[in-house]
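> what would the 3D arrangement of this be:
(4 chains)
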4 protein chains.
Amino acid sequence: MADFEPRNPNYKTFVEGYVSSQRYLDLIGAELARVEPGLAVYRIPYREDLGQQDGFFHGGVVGSVAEGVMGAAAATLVAEGANVVGAEYKVNLLSPASGVALIACGQVVKPGRRLIVCRTEVFSVDERGAQTTCAIAQGAMAVIEPRS
Amino acid sequence: MADFEPRNPNYKTFVEGYVSSQRYLDLIGAELARVEPGLAVYRIPYREDLGQQDGFFHGGVVGSVAEGVMGAAAATLVAEGANVVGAEYKVNLLSPASGVALIACGQVVKPGRRLIVCRTEVFSVDERGAQTTCAIAQGAMAVIEPRS
Amino acid sequence: MADFEPRNPNYKTFVEGYVSSQRYLDLIGAELARVEPGLAVYRIPYREDLGQQDGFFHGGVVGSVAEGVMGAAAATLVAEGANVVGAEYKVNLLSPASGVALIACGQVVKPGRRLIVCRTEVFSVDERGAQTTCAIAQGAMAVIEPRS
Amino acid sequence: MADFEPRNPNYKTFVEGYVSSQRYLDLIGAELARVEPGLAVYRIPYREDLGQQDGFFHGGVVGSVAEGVMGAAAATLVAEGANVVGAEYKVNLLSPASGVALIACGQVVKPGRRLIVCRTEVFSVDERGAQTTCAIAQGAMAVIEPRS
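Alright, predicted model coming up:
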């Protein structure tokens, strides 16, 4: 992974606010577990109402955290006053997302001026803490510059 | 859109059960509004806890219904006893998903033996009922054959 | 399909120049068969050196024309002096691309200020002229504004 | 990267044949530079007829080698007598693919029974040998089992 320099010295506070203002993340119980320049990690404990027909995490939950954590990763690298919104993403679901929690790890690959391209790896965690990659994603967040 | 012949004469009952067994769809308030061979429509009324920072539907909700409704559309075409699971999908978010409801319309493009390729169009609906396309998606559902 | 108004009155000439300046399109024999506001069509006659192991069009050819024709479709809608470059795209290969020619039809879905989102349908054409959809694609072209 | 065990002891010979039978790879001058279990690398020297309007590698070339090398990587892991065909892929173009050569490195992420999910990183190489990531891709190859 590349080494990124944040443009906003208060990027952690900004990303925490970015995450906590998103009511949907609260609805699905996503917690920001880690934030570094160019990287963010969400953790989502399993709940029955996040499930699909077989009692695993629903693919929609997996996909939405895969995309959501790209937003948080991208948000670490924008200038003060700027913001990010999702433009596009692609998810491959690799195996049933069973277990006690999901961990979604988003990383910036290319912090462009207008598009920040990211990749995500989503792991399912079993009772013993063993992690299995259950999805990978790739996408771009659009940068919203502050109005001048 | 192509004209598809369902292999399961009870496909409507099957898809209704497929949808109602997914607890996550219940969590976000997605209702199956229409189901035809090769087509399914979800409707999701706006709620604050489906929002992001600006009060629009969260991109994760948009993406998860875009993918979810592909599953329902694909489920209309599988044989009795078979099932579908998400394999991969791609979403382009086109405009802020504001308004009183989302409508996600999933259609089968190619019902392969192992992969069913689908497209989705997601509309946001304003108070007057006017619809704006807010996302398009494309992806594949994997067919799970019944164990013989 | 939506009805688009070109911003450049000479959009046809611009798109023809855009296409003819791309040496790779010449290498694979892609011809611009049609151009309208928000729409472009390429035609690629079969040649053995465009094939893969089974004598069909190579998936790389199918994908590259699927993406290339999005560029031409997007180019119909930019202002005079602006240009487009590919940002991202996604292809689903539906069936073997056999036959005497490929036809790739690209359409603009959303002409944003910075990203133009498009969809493509690629058909293979047999000796009798019958067309089969062999791939669908979805992606975004980035708009390059003229330097002021 | 995971450590993969090839199921076909003659996987190198198989992959070399898989690559050399694809006429299109010959047309664009792609050479198989490396092959290991779960990994393949193509190298494509620059030629003017692989270019676009600005003299860089055409996005279609970049995308087609990104997809093509996933096929070679996936082919390292199939059983004797089996084969792979492209099912779907997604490319993000990160920067102009300028330079004297492209290097496309494909890796298997998940070797499923029916779908082999892969990722690719494409580098452009300048005259001094410095590499810049110019594209990333993610997709799935379908496994074709031998007829029994």
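> ok, the longest helix along chain A near chain B or not?
When chain A is parsed with DSSP state H, its longest helix is helix A:59-75. Yes. With Cβ under 8 Å from any Cβ of the partner chain as the criterion, chain B is reached by helix A:59-75 at A:59-61, A:63-65, A:67-68, A:71. (Glycine included, C-beta is placed from N, CA and C.)
> how about that helix and chain C, any contact?
No. Under the criterion of Cβ under 8 Å from any Cβ, chain C is not reached by helix A:59-75; the shortest gap measures 13.1 Å.
> wait, what's in contact with the closest residue to A:G51 other than its chain neighbours?
Ranked by Cβ to Cβ, 6 or more residues apart in numbering or on different chains and with sequence neighbours excluded, the top spatial neighbour of A:G51 is B:R23, at 4.7 Å. Contact partners of B:R23, counting by Cβ atoms under 8 Å, 6 or more residues apart in numbering or on different chains, are A:48-52, A:58.
> which of those count as buried?
The neighbour-count test (16 or more other Cβ atoms under 10 Å in any protein chain shown) marks A:50-52, A:58 as buried among these.
> please, a ChimeraX command that selects the buried ones among the residues of helix A:59-75 next to chain B?
Provided next is the ChimeraX selection string for whichever of the residues of helix A:59-75 next to chain B are buried by 16+ other Cβ under 10 Å:
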select /A:59,60,61,63,64,65,67,68,71
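> need the residues of chain A near chain D, please.
With Cβ under 8 Å from any Cβ as the criterion, chain A comes near chain D at residues A:90, A:92, A:94-95, A:109-110, A:112, A:117, A:119, A:133, A:136-140.
> try 6 Å this time
A:90, A:92, A:94, A:109-110, A:117, A:136, A:138 (Cβ under 6 Å from any Cβ of the partner chain).
> spatially, which two of these are the most separated?
The largest separation in those, counting by Cβ to Cβ, is between A:L94 and A:K110 at 23.6 Å.
> buried set for stretch A:30-43?
Buried residues in stretch A:30-43 (16+ other Cβ under 10 Å): A:30, A:32, A:35-43.
> that one near chain B anywhere?
No. Stretch A:30-43 is not in contact with chain B by Cβ under 6 Å from any Cβ; minimum separation 9.0 Å.
> how about the helices in chain A?
Along chain A, the stretches classed as helices by DSSP H are A:11-20, A:23-27, A:59-75.
> can I get these in TSV with mean pLDDT?
Formatted as TSV, the helices of chain A follow (pLDDT from 0 to 100):
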stretch	mean pLDDT
helix A:11-20	96
helix A:23-27	94
helix A:59-75	96
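> can I get those in JSON lines including distance to B:Y18?
Output for these, formatted as JSON lines (distance: least, Cβ to Cβ, whole Å):
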{"stretch": "helix A:11-20", "distance to B:Y18": "32"}
{"stretch": "helix A:23-27", "distance to B:Y18": "23"}
{"stretch": "helix A:59-75", "distance to B:Y18": "13"}
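> picking up where we left off before, now the longest helix of chain A - C-alpha only, PDB.
Extracted in PDB, the C-alpha atoms of helix A:59-75 (Å, rounded to 0.1, in the frame of the first residue of the first chain):
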ATOM      1  CA  GLY A  59     -25.200  -9.400   0.200                       C
ATOM      2  CA  GLY A  60     -26.600  -5.900   0.300                       C
ATOM      3  CA  VAL A  61     -25.000  -5.300   3.700                       C
ATOM      4  CA  VAL A  62     -21.700  -6.600   2.500                       C
ATOM      5  CA  GLY A  63     -21.800  -4.400  -0.600                       C
ATOM      6  CA  SER A  64     -23.000  -1.300   1.200                       C
ATOM      7  CA  VAL A  65     -20.100  -1.500   3.700                       C
ATOM      8  CA  ALA A  66     -17.700  -2.300   0.900                       C
ATOM      9  CA  GLU A  67     -18.700   0.900  -0.700                       C
ATOM     10  CA  GLY A  68     -19.200   2.900   2.500                       C
ATOM     11  CA  VAL A  69     -15.700   2.300   3.700                       C
ATOM     12  CA  MET A  70     -14.200   3.500   0.400                       C
ATOM     13  CA  GLY A  71     -15.900   6.800   1.200                       C
ATOM     14  CA  ALA A  72     -14.300   6.900   4.600                       C
ATOM     15  CA  ALA A  73     -10.900   6.000   3.200                       C
ATOM     16  CA  ALA A  74     -11.200   8.600   0.500                       C
ATOM     17  CA  ALA A  75     -12.400  11.200   3.000                       C
END
